[in-house]
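[1] quick one: sequence and predicted model below, then my questions.
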Amino acid sequence: MTKFDVFAHVLPENLFDQLKKVDDNLITKNPYLKNNGLTNIKERTADLNPDVRQIISNVNLNPEDYLDAEKSSELCRSANDELVNLVHDNKDFYAAVAMIPMNSISNAIEIIKDQISTKKDLVGIQLFTRALNKPLTSKEFEPIFEILNKLNIPIWLHPVFDETRHDNNITFSWEYELTQTMYDLVKKGYFQKYPNLKIIVHHAGAMIPFFSQRIKYTMSDAEYNDFKKFYVDTALLGNTKALELAVEFFGIEHVLFGTDAPFGIAPYGATNEIISAIDNMNISDKQKDLIYSNNFLNILNGKDGND
């Protein structure tokens, strides 16, 4: 059975080259870019489980942080084409998740309409918990959610640091940012306003499963139920019990296989560890099939990389 890894990262070469021209200290500022697996696809996939096919998304390196509206829009378009080419050129890649320029909402909407909605290999867009160091739920970004709801295009939600904070760390800060953004989306009623939204949250929904009873007794019933509308991946570097907790809260149909490759465990990620953790879950084989494959295919609603 094919296992679809919904959260696997790459770094398109032209995107990387263009941003290095803008910032000589790009790698120093972002040391995760040194990970060879982002660009050396042959090595990265050499020992990949043959049943796994990855849905690739750009590592968190965003043109709007370096370029003006027009240039960042152009670079997002070309990077999306690069992602599509990577899918075509590598059998281990099944589909890609697109980029949009958050410093030009009008251009972002045009990219969604005429690039993402028309290219079969682009199955959604990646958004980050903050854009231009503003919360994703800032009013200026809401038209993005409106058009994605209208076109039924899913969102991949990835964390970034809040640069107003001085105590950021890779172990816990991203989990807080994911949790806070989920809270903000629920509090602003986005699932009520935009009922077709499908949001896949990295790292198994972060803090939400563990604190589900706090949500239940400190928020309204409607808000509690809206939290259950998120989809989450399995990128916890293993941890069977935590994955079972995620299933208990979000439901088996809202948990998708995802690894965060090539990050997590050297050299190229925790794919095998996460597969082992899923296989050890106290759920049926049919439920495991949902996590590994069917939930992702159902989200696509027929728009998949093989159509």
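    It's in. Numbering: from 1, shown residues only.

[2] contacts, neighbours, all on C-alpha from now
    Noted.

[3] and residue 9, how many neighbours?
    Neighbour count for residue 9, taken as other Cα atoms under 10 Å: 23.

[4] what are the phi and psi values at it?
    phi -110, psi 150 (degrees, to the nearest 10).

[5] that one contacts residue 261, doesn't it?
    Yes: between residue 9 and residue 261 there is a contact under Cα atoms under 8 Å: 6.0 Å.

[6] show me where the protein has its helices.
    Ranges of helices in the chain, per DSSP state H, are 13-22, 26-29, 41-46, 69-89, 105-111, 142-151, 173-187, 190-193, 212-218, 221-227, 240-250, 271-279, 285-289, 295-300.

[7] tabulate these (a markdown table), appending mean neighbour count.
    As requested, those are arranged in a markdown table below (neighbours: other Cα atoms under 10 Å):
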| stretch | mean neighbour count |
| --- | --- |
| helix 13-22 | 14 |
| helix 26-29 | 12 |
| helix 41-46 | 15 |
| helix 69-89 | 20 |
| helix 105-111 | 19 |
| helix 142-151 | 17 |
| helix 173-187 | 19 |
| helix 190-193 | 16 |
| helix 212-218 | 14 |
| helix 221-227 | 17 |
| helix 240-250 | 19 |
| helix 271-279 | 19 |
| helix 285-289 | 15 |
| helix 295-300 | 18 |
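
[8] as TSV, those with distance to residue 119 and mean pLDDT would be great.
    Shown next, in TSV, are those (distance: least, Cα to Cα, whole Å; pLDDT from 0 to 100):
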stretch	distance to residue 119	mean pLDDT
helix 13-22	19	96
helix 26-29	30	92
helix 41-46	22	92
helix 69-89	8	98
helix 105-111	11	98
helix 142-151	13	97
helix 173-187	28	97
helix 190-193	26	98
helix 212-218	38	98
helix 221-227	30	98
helix 240-250	30	98
helix 271-279	28	98
helix 285-289	27	98
helix 295-300	13	95
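
[9] what's the closest of the ones you listed to residue 63?
    Between residue 63 and the helices of the chain, the tightest spacing by Cα to Cα is seen for helix 69-89, at 4.9 Å.

[10] and that closest one, what does it pack onto?
    Packing partners of helix 69-89 (3 or more Cα pairs under 8 Å, 6 or more residues apart in numbering; DSSP states H and E): helix 13-22, strand 93-98, helix 105-111.

[11] in JSON lines: these, plus distance to residue 84.
    Listed next are the helices and strands packed on helix 69-89 as JSON lines, based on distance: least, Cα to Cα, whole Å:
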{"stretch": "helix 13-22", "distance to residue 84": "13"}
{"stretch": "strand 93-98", "distance to residue 84": "6"}
{"stretch": "helix 105-111", "distance to residue 84": "14"}
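
[12] out of the ones you listed, flag the one nearest residue 128.
    Nearest of the helices and strands packed on helix 69-89 to residue 128, taken as Cα to Cα: strand 93-98 at 12.2 Å.

[13] list the strands paired with that closest one, with their directions.
    Under the criterion DSSP bridges, strand 93-98 sits next to strand 52-58 (parallel), strand 122-128 (parallel) in its sheet.

[14] re earlier: in CSV, list the helices of the chain along with distance to residue 165.
    Shown next, in CSV, are those (distance: least, Cα to Cα, whole Å):
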stretch, distance to residue 165
helix 13-22, 25
helix 26-29, 16
helix 41-46, 34
helix 69-89, 26
helix 105-111, 26
helix 142-151, 24
helix 173-187, 10
helix 190-193, 26
helix 212-218, 25
helix 221-227, 26
helix 240-250, 28
helix 271-279, 31
helix 285-289, 39
helix 295-300, 35
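
[15] quick one on the thing from earlier: now the strands paired with strand 93-98 as JSON lines including mean pLDDT and mean neighbour count?
    Output for those, formatted as JSON lines (pLDDT from 0 to 100; neighbours: other Cα atoms under 10 Å):
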{"stretch": "strand 52-58", "mean pLDDT": "98", "mean neighbour count": "24"}
{"stretch": "strand 122-128", "mean pLDDT": "98", "mean neighbour count": "23"}
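
[16] which of those strands sits closest to residue 288?
    Closest to residue 288 of those is strand 52-58 (Cα to Cα; 14.1 Å).

[17] quick one: the closest one to helix 69-89, angle?
    Counting by axes from the mean of the first three to the mean of the last three Cα atoms, to 10 degrees, strand 52-58 lies at 170 degrees to helix 69-89.

[18] what's the angle from strand 52-58 to helix 13-22?
    30 degrees.

[19] please export the C-alpha coordinates of strand 52-58 as PDB.
    C-alpha atoms of strand 52-58 as PDB (Å, rounded to 0.1, in the frame of the first residue of the first chain):
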ATOM      1  CA  VAL A  52       6.400   6.000   0.600                       C
ATOM      2  CA  ARG A  53       5.600   8.900  -1.800                       C
ATOM      3  CA  GLN A  54       6.200  12.400  -0.600                       C
ATOM      4  CA  ILE A  55       4.000  15.500  -1.000                       C
ATOM      5  CA  ILE A  56       6.700  18.200  -1.200                       C
ATOM      6  CA  SER A  57       6.500  21.700   0.100                       C
ATOM      7  CA  ASN A  58       9.100  24.500   0.200                       C
END
